[in-house]
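*Asks:* Predicted model and sequence below, questions to follow.
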Amino acid sequence: MNLSRPSRVADAVSAAGAGGDVAYLAGGHTLIPAMKARLRDPEGLVDLSGLDELKGMSVEDAEGGRRLWIGAMTRHRDVAEGADAIPALQHMATLIGDPQVRNRGTLGGSLANNDPASDYPAAVLALQAEIETDRATHRAEDFFQGMFFTALEEGELIKRVGFRIPARAAYAKFRHPASRYALSGVFVAEIGPGIWRVAVTGSGQEGVFRWPQAEEALANGADISTVAAPDASLMSSDIHASPEYRAHLCTVMLAKAVGEIK
Ligand SMILES: Cc1cc2nc3c(=O)[nH]c(=O)nc-3n(C[C@H](O)[C@H](O)[C@H](O)COP(=O)(O)OP(=O)(O)OC[C@H]3O[C@@H](n4cnc5c(N)ncnc54)[C@H](O)[C@@H]3O)c2cc1C
């Protein structure tokens, strides 16, 4: 096993592209268990922990409004403590896993993995985020392409993610009691005057999705309890929850999030 620990993005990308199956190592919270279970068997690892330019946060003015940019190697704990430009995002980060997970897990690792029950995809989609890599800037809409599948190409490195700073937002999540992953997580955000976006994680067969009926209800000031549950035939099913249960949970989490908007 070849392990490198570059201190520049360009060196990381060229190490990953040097040939063979080479994986980036962020916090290792998904990659290491997958390797232990022999689900992944890379020939080489590029440890990203020495890339200081992938850490930290900044607010930048941009066309369409200000964005909070967060480096891919920023850990969930740092977002929970420091992303005060978007309190709903901060709150979301406090709900990820447990302290050990938040101390190791990273924004970039979470998005590259695109676990259908992870929290960040809901924030990324609701806040119309941009995912900046070493070779492209992906729109949130195009980035998530189904369970554990993204627009990232072989060796493409996420550098940072720019979240639109909303006027108001909230996130509510019903978590699995053991893993803390979402059975349903609903992120609501007013990203412009009267323009609402609602994104749901943990429930959809294809991973994160937008919920147009909920967006419309919020834009029209309608009673949120009148929004019908998402189509159960599009919800995922496993030993933890049936599709109908997940669809119902979405309505409960939507109401909870709307009640907590600030
Ligand atoms: C017990 C447990 C509970 C958890 N609970 C939750 C939860 O409640 N909510 C939630 O959202 N998540 C949860 N997670 C996931 C966790 O938060 C991590 O974000 C996730 O496991 C990814 O881990 P990591 O950041 O260490 O990345 P790694 O495991 O190091 O990498 C994951 C994948 O992303 C790739 N990668 C990493 N960084 C980059 C990059 N910058 N560019 C391109 N590719 C990259 C790697 O090559 C690898 O394929 C949980 C994890 C565990 C173990």
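*Replies:* All right, it came through fine. Numbers count the residues shown, from 1 in each chain.

*Asks:* Any idea which residue is closest to the centre of this structure?
*Replies:* Tyr120 (2.0 Å; CA atoms, centre = their mean).

*Asks:* Those residues of the stretch 1-150 of the chain touching the ligand, which are they?
*Replies:* With CB under 6 Å from any ligand atom as the criterion, the stretch 1-150 of the chain comes near the ligand at residues 23-31, 48, 72, 76, 96-97, 101, 104-106, 108-110, 112-113, 118-120. The C-beta positions use only the backbone N, C-alpha and C, and glycine is treated the same way.

*Asks:* Now Gly259. Its backbone dihedrals?
*Replies:* Phi and psi for Gly259, reported as degrees, to the nearest 10, are phi -70, psi -20.

*Asks:* That should have said Ser110, apologies.
*Replies:* Main-chain dihedrals, Ser110, degrees, to the nearest 10: phi -60, psi -50.

*Asks:* residues contacting the residue lying closest to it once chain neighbours are set aside?
*Replies:* Distances taken as CB to CB, 6 or more residues apart in numbering put Tyr120 closest to Ser110, at 4.7 Å, once the chain neighbours are dropped. If you count contacts by CB atoms under 8 Å, 6 or more residues apart in numbering, Tyr120 has them with 92, 107, 110-111.

*Asks:* just the residues you listed now: which is nearest Arg5?
*Replies:* Leu107 (19.7 Å; CB to CB).

*Asks:* Number of residues surrounding the closest one?
*Replies:* For Leu107, the neighbour count with other CB atoms under 10 Å is 27.

*Asks:* what's the distance between it and Glu43?
*Replies:* 26 Å (CB to CB, to the nearest Å).

*Asks:* same question, Ala37
*Replies:* 18 Å.

*Asks:* Can you classify the residue of the stretch 101-250 of the chain found nearest the ligand by secondary structure?
*Replies:* Here the residue of the stretch 101-250 of the chain nearest the ligand is Gly109; by CB to the nearest ligand atom that distance is 2.2 Å. Under DSSP: H, G, I helix; E, B strand; the rest coil, Gly109 falls in the helix class.

*Asks:* For it, which non-adjacent residue is closest in space?
*Replies:* Gly109 sits nearest to Ala26 (CB to CB, 6+ apart), 3.6 Å away.

*Asks:* is it true that Tyr24 lies in a strand?
*Replies:* Yes - Tyr24 sits within a strand when classified using three-state DSSP.

*Asks:* Pairing-wise in the sheet, spell out the partners of it.
*Replies:* Val46 (DSSP bridges).

*Asks:* Check the burial of it by counting its neighbours.
*Replies:* Tyr24, neighbours per other CB under 10 Å, totals 24.

*Asks:* Check the one 5 residues further on too.
*Replies:* The number of residues packed around His29, counting by other CB under 10 Å, is 20.

*Asks:* let's have the chain start at 7 instead
*Replies:* Yes, from this point I'll number from 7; that puts the last item at His35.

*Asks:* picking that back up, can you tell me which of the residues of the stretch 7-156 of the chain next to the ligand are buried?
*Replies:* Buried residues within these, defined by neighbour count using 16 or more other CB atoms under 10 Å: 29-37, 54, 78, 82, 102-103, 107, 110-112, 114-116, 118-119, 124-126.

*Asks:* Which members of those are positioned in helices?
*Replies:* Among those, the members found in helices (DSSP state H) are 37, 82, 107, 110, 114-116, 118-119, 126.

*Asks:* Take those residues and lay them out in TSV including pLDDT and distance to Ile137.
*Replies:* Listed next are those as TSV, based on pLDDT from 0 to 100; distance: CB to CB, whole Å:
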residue	pLDDT	distance to Ile137
Leu37	97	19
His82	98	17
Val107	96	21
Arg110	97	21
Gly114	98	9
Gly115	98	13
Ser116	98	12
Ala118	98	10
Asn119	97	13
Tyr126	98	11
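
*Asks:* Switch these over to TSV; also include distance to Ser242.
*Replies:* Formatted as TSV, these follow (distance: CB to CB, whole Å):
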residue	distance to Ser242
Leu37	23
His82	23
Val107	22
Arg110	26
Gly114	24
Gly115	22
Ser116	18
Ala118	20
Asn119	16
Tyr126	18
